[in-house]
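1. Sequence first, predicted model second:
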Amino acid sequence: MSINNSEAFGSNRVGEGIRRDNFGENFKWGVTTAAFQIEGSCAVDGKGPSIWDTFTSKKGRIKNGHNANTACDFYNCYQKDVALLRRLNIPNFRFSISWPRVMPDGKGRINQRGLDFYNRLIDHCLENDVDPWLTLYHWDLPQALEQHGGWTNRDIVSWFSDYTALCAQHFGDRVKHWLVMNEPMVFAGAGYFLGLHAPGRTGLSNFLPTVHHVVLSMAEGGRVLRSVLPAGAQIGTTFSCSHIEPFSDSQRDVDAAARADLFLNRLFIEPVLGMGYPTSESKILKRIERFVKPGDEDNMKFDFDFIGLQNYTREIVRYSLFTPYIHAKLVKAQKRNVPLTEMGWEVYPPAIYHIIKKYDAYPQIKKLIITENGAAFPDKEVDGRVEDLERLKFIKDNIEQVYRAKQEGAKVDGYFVWTLTDNFEWAEGYHPRFGLIYVDYENQRRIIKSSGKWYASFLAGHL
Ligand code: GCO
């Protein structure tokens, strides 16, 4: 199908007529998903419960009381979804392994039926010329480990290391691209400080040890992968990144924006790059030192082959006396009279350009891949069609901004849309739809949206 972009969207200032070819042959195009958000089958074939199974079963945690017990039924429908990937010409498919599916208690016992599922999925991708990109941790910690303190317990570094080794041993012969963690700041911040995500813990006493153990595990995961995987495997990890601007030029707002940047954009990556935690710039963060043991500084580092950046919007930050610890708050997009997505996030494609430039400036980073970018809009199915022109424009505009950065010499080498099908959006339940493909949750019917058709044409080189 062809969509008349110029008619629908006017002229493109940034990337007039941008084509896949412009990015070169080695640029990786893909789409990203996460186990808990799509798989369902939460208690079959020997899978253990995850902290998200527990969290979603508690009253009042998820909007509309939704859970992910069935989600997109990907566990049973994976062949159908891989066929859709093919139809959309998407060459790279990023998905995550559910830790409790392969190790029901998080450590020790191995669940062969869980490993078999991922073997089938990986093989099916390869048979269809789709390259699997595997994320080891996309937030669904085994509940049994939470019973032992989860990420707040330093022993998790060795639990995670064993889990990583298991995956590397079983899938490393076929999977070439590996991502250790997905967005540590989001799961540490929302899950261990604000209590909005699983496991629902709050406060600095949970957050700070979590940060440190996640950083150690991320680097350790990298080392384990490097030691087990065949030469040539590409090892990365991903970070949530928000382009931040101060609300005004006042020194107080500028300083507040810098503090927000420290937590949202620098906290996890700098120790991994060998720069240590930015403790000299934050009194609160200095308290993390009580969890750091001799030798940790070295073990926090790992030389990743690529760094995944995930960006959705920009944030405007202002000084706030009443926000504990960081005295900075986000000025909600709803109050700024700007275009919004269904998540209430500002539609601002240049954010991804600024983010690429920001991380490109770290000389230690070898390669950047946009491992997630996308948007939720209120999709409507009309006569079997979903005309999501806002999402189409969002993705196209963001790709143009990636190109802008690439043309200026940034080391960005890939772009993955979040996400293939509509799915379970964590605490927001099923209401926000991010997919290139619409899901009717009543009957698991899929409908390729206009954005999906556009991406397919773009990837085929027809645009
Ligand atoms: C992420 C999240 C995704 C979200 C997406 C939209 O990695 O950012 O894990 O799972 O669904 O970001 O909020």
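-> Right, received. Where do you want to start? From a predicted model like this one, the values you see are computed outputs, not experimental measurements.

2. Which residue is the nearest non-sequential neighbour of the closest residue to the ligand within the stretch 1-150 of the chain?
-> Using Cβ to the nearest ligand atom, residue 34 is the residue of the stretch 1-150 of the chain that sits closest to the ligand, at 4.8 Å. All C-beta spots, glycine's among them, are computed from the backbone N, C-alpha and C. Among residues not flanking residue 34 along the chain, residue 138 sits closest, at 3.9 Å (Cβ to Cβ, 6 or more residues apart in numbering).

3. residues in contact with that neighbour?
-> 34-36, 96, 182 (Cβ atoms under 8 Å, 6 or more residues apart in numbering).

4. Now it. Its backbone dihedrals?
-> phi -120, psi 50 (degrees, to the nearest 10).

5. follow-up on the earlier one: now do the contacts for the residue of the stretch 1-150 of the chain closest to the ligand.
-> Per Cβ under 8 Å, 6+ apart, neighbours of residue 34: 95-96, 135, 138-139, 182, 423.

6. pLDDT wise, what is the residue nearest to residue 34 at?
-> You'll see residue 138 listed with a pLDDT of 99.

7. one step back: and the buried ones among the contacts of residue 138, selectable in PyMOL?
-> Command for PyMOL, covering only those of the contacts of residue 138 found buried under the criterion 16 or more other Cβ atoms under 10 Å:
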select buried, resi 34+35+36+96+182
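
8. Among the contacts of residue 138, find me the one that's closest to residue 190.
-> residue 182 (12.6 Å; Cβ to Cβ).

9. tell me the phi and psi of that closest one?
-> Torsion angles, degrees, to the nearest 10, at residue 182: phi -110, psi 120.

10. Quick check, it in contact with residue 94.
-> No. The pair residue 182 / residue 94 is not scored as a contact, 9.4 Å apart, by Cβ atoms under 8 Å.

11. Can you pull the residues that touch both of those two?
-> residue 135.

12. how long is stretch 196-204 from one end to the other?
-> Taking Cα to Cα, to the nearest Å, the first and last residues of stretch 196-204 lie 15 Å apart.

13. Start the count at 222 instead of 1 going forward.
-> With the count now opening at 222, the last piece we talked about shows up as stretch 417-425.

14. ok, which stretches of the stretch 222-371 of the chain are strands?
-> Along the stretch 222-371 of the chain, the segments classed as strands by DSSP state E, counting those that start in this stretch run 249-253, 313-317, 352-358.

15. what pLDDT does the residue of the stretch 222-371 of the chain closest to the ligand get?
-> 99.

16. same deal with the one 3 residues further on?
-> Reading off the confidence values, residue 258 has pLDDT 99.

17. How about residue 599?
-> Value listed for residue 599 in the pLDDT field: 97.

18. Tell me what the residue in the stretch 422-571 of the chain that the ligand sits nearest to is bridged to.
-> Of all residues in the stretch 422-571 of the chain, residue 531 sits closest to the ligand, with a separation of 5.1 Å (Cβ to the nearest ligand atom). As for beta bridges, residue 531 partners with residue 461, residue 593 under DSSP bridges.

19. That one: how many residues sit nearby?
-> Residues lying near residue 531 (other Cβ atoms under 10 Å) number 23.

20. try residue 341
-> 12.

21. now the helices: where do they sit in the stretch 422-571 of the chain?
-> 425-449, 472-482, 490-493, 504-507, 517-520, 571-581 (DSSP state H, counting those that start in this stretch).

22. ok, and for stretch 641-655, which residues are buried?
-> By neighbour count on 16+ other Cβ under 10 Å, the buried set for stretch 641-655 is 641-647, 650-651, 653-655.

23. Need the helices of the stretch 422-571 of the chain in JSON lines (columns: mean pLDDT, distance to residue 415 and mean neighbour count).
-> Formatted as JSON lines, the helices of the stretch 422-571 of the chain follow (pLDDT from 0 to 100; distance: least, Cβ to Cβ, whole Å; neighbours: other Cβ atoms under 10 Å):
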{"stretch": "helix 425-449", "mean pLDDT": "98", "distance to residue 415": "9", "mean neighbour count": "22"}
{"stretch": "helix 472-482", "mean pLDDT": "98", "distance to residue 415": "14", "mean neighbour count": "18"}
{"stretch": "helix 490-493", "mean pLDDT": "98", "distance to residue 415": "21", "mean neighbour count": "23"}
{"stretch": "helix 504-507", "mean pLDDT": "96", "distance to residue 415": "15", "mean neighbour count": "16"}
{"stretch": "helix 517-520", "mean pLDDT": "97", "distance to residue 415": "26", "mean neighbour count": "14"}
{"stretch": "helix 571-581", "mean pLDDT": "98", "distance to residue 415": "22", "mean neighbour count": "21"}
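
24. In CSV, list those helices along with distance to the ligand.
-> Shown next, in CSV, are the helices of the stretch 422-571 of the chain (distance: least, Cβ to the nearest ligand atom, whole Å):
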stretch, distance to the ligand
helix 425-449, 14
helix 472-482, 18
helix 490-493, 15
helix 504-507, 23
helix 517-520, 25
helix 571-581, 13
